[in-house]
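[1] I would like the atomic coordinates for the input below:
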Amino acid sequence: MLRLSLLIVGLLTLVLIVWHIGPGRIYDAAAQLGPIALLVLLIPSAIMYVVEAYGWKVTLGPSAKVIPFWRVLAIRTAGEVVNMTTPTAYVGGEPLKAYLLKKHNVPMVEGLASVIIAKTTMTIAEVIFILLGIALAFWTVGANGSSGQTGAAALVSVGLLLFGMAAFVFVQRQGLFTWLLEFLRKIGLTIGYLEAREEKLRSLDRTILGFYRHNRPAFYASTGLFFLGWMAEALEVYVIIYFLGGPAMALSAISIGALSVFIKGGTFFIPGSLGAQDGGNLLLLTAFGYSEVTGITFALLRRFRELVWIGIGLAALAVLGRQPSAIQHDQSS
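    Prediction:
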């Protein structure tokens, strides 16, 4: 009920923003793009999906090496559409990815381990990207007045996120699920589902720990690839602003892209970050000297990109769901 209320409030907020700026002015700004420009706008996000799929693939175990990259990309795209369209704080699609990998002879433990590790490296890269964006915001916009206070608040928030991320990695290295089971037992809480799968959870911890101990190059490679994926967000910002009449500047694009990611992550409790993400993008662009029309048109074009990838993700999910598992195929042969 709460999430439905937040969704309604977010939708009303977006409608009010559009009404305040003027639907006609927004239409005039968007109408100058045309079909070819809209296709070009999708290139950065396509790059992001491909690079991030590679970032996940390098964390997969030996049994996953036989899976073609295009299938890994399809599985990740299907999982991401669940993250984007369900109220699960952008993690609901992660178990689905492991399940779809299992259909191709990747053990569930190995698949889940790769999903957790990839989520970790992606978040580390995200924090680095946001820190870079905040630094560039101070450089390009300045640190005076309200912008300086906002930047300081953002730095504190990212610092807390960085601390939480470091703690999460530390707990993984100590045995995340083993620690969770022991903690629940200490407080007298017993969850039958977890207790019945204790050995599998301990195996999952061992797999994750083994990766961190013996696959550091893969860990760094995954983090670097996810960082490139986040930089593709900045490329998208640059391209959209360019097509809207600019001026498009690389440093500003990186900063806007990073702070936009920060806003989206901070409003995960609102379905689709509806209203908050769009209003945040509007405020970001006006802070960097762009007009309100450019700001809201920019926000709506990013929504257009999300809808396109939701459609692609749903198609991938439908195709992958209909395919028989490799295990079933082997048994029938």
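[2] so what's Ile26 up against?
    Shown in contact with Ile26 (Cβ atoms under 8 Å, 6 or more residues apart in numbering): 18, 293, 296-297, 300. The way it works is simple: take the backbone N, C-alpha and C, and place the C-beta from them, glycine included.
[3] which strands and helices sit next to the longest helix along the chain?
    The longest helix of the chain (DSSP state H) is helix 108-140. For helix 108-140, the packing partners by 3 or more Cβ pairs under 8 Å, 6 or more residues apart in numbering; DSSP states H and E come out as helix 43-57, helix 93-102, helix 145-174, helix 198-214, helix 216-243, helix 250-266.
[4] in it, what counts as buried?
    Buried positions in helix 108-140, judged by neighbour count with 16 or more other Cβ atoms under 10 Å: 109-134, 136-138.
[5] Likewise for stretch 59-66?
    Using 16+ other Cβ under 10 Å as the test for burial, stretch 59-66 gives 59-61, 64.
[6] Redo these as TSV? Include distance to Ser203, secondary structure and pLDDT.
    As requested, the buried residues of stretch 59-66 are exported to TSV (distance: Cβ to Cβ, whole Å; DSSP: H, G, I helix; E, B strand; the rest coil; pLDDT from 0 to 100):
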residue	distance to Ser203	secondary structure	pLDDT
Thr59	17	coil	91
Leu60	16	coil	87
Gly61	12	coil	72
Ala64	17	helix	70
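[7] which one of those residues is nearest Leu204?
    Nearest to Leu204 out of the buried residues of stretch 59-66 is Gly61 (Cβ to Cβ; 11.9 Å).
[8] Contacts only, for that closest one.
    By Cβ under 8 Å, 6+ apart, the neighbours of Gly61 are 106-107, 110, 113-114, 207.
[9] Pop out the phi and psi values for it.
    Dihedral pair for Gly61: phi -80, psi 180, per degrees, to the nearest 10.
[10] Next, find the distance separating it from Ile21.
    Distance from Gly61 to Ile21, counting by Cβ to Cβ, to the nearest Å: 51 Å.
[11] Equivalent analysis for Gly111, please.
    In this view, Gly111 and Ile21 are 46 Å apart by Cβ to Cβ.
[12] same question, Leu209
    Noted for Leu209: a distance of 52 Å to Ile21, by Cβ to Cβ.
[13] One more: Arg213?
    54 Å.
[14] Tell me which of the two has more neighbours.
    Ile21 (18 against 9; other Cβ atoms under 10 Å).
[15] where does Arg185 land on pLDDT?
    With respect to pLDDT, Arg185 scores 79.
[16] nope, Val72 is what I meant
    For Val72, the predicted pLDDT is 92.
[17] before we move on, what about the one 10 residues further on?
    According to the prediction, Val82 has pLDDT 86.
[18] Quick check: chain neighbours aside, which residue is closest to it?
    Gly93 (3.4 Å; Cβ to Cβ, 6 or more residues apart in numbering).
[19] One more: Leu161?
    Leu161's closest residue in space is Val127 (Cβ to Cβ, 6+ apart), at 5.8 Å.
[20] Isn't the one you found up against Ala166?
    No. Using Cβ atoms under 8 Å, Val127 is not in contact with Ala166; the gap is 9.7 Å.
[21] unless I'm mixing things up, Thr77 is touching Leu314, no?
    No. Using Cβ under 8 Å, Thr77 is not in contact with Leu314; the gap is 9.5 Å.
[22] Those two: who's more crowded?
    For Thr77 versus Leu314, neighbours defined as other Cβ under 10 Å are more numerous around Thr77 (23 against 15).
[23] need the contact list for that one.
    By Cβ under 8 Å, 6+ apart, Thr77 lies in contact with 49, 53, 309, 312-313, 316.
[24] and these as CSV, adding distance to Ala218, neighbour count and pLDDT?
    Formatted as CSV, these follow (distance: Cβ to Cβ, whole Å; neighbours: other Cβ atoms under 10 Å; pLDDT from 0 to 100):
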residue, distance to Ala218, neighbour count, pLDDT
Tyr49, 20, 18, 95
Ala53, 15, 22, 94
Trp309, 27, 19, 93
Ile312, 27, 19, 94
Gly313, 26, 23, 92
Ala316, 25, 22, 91
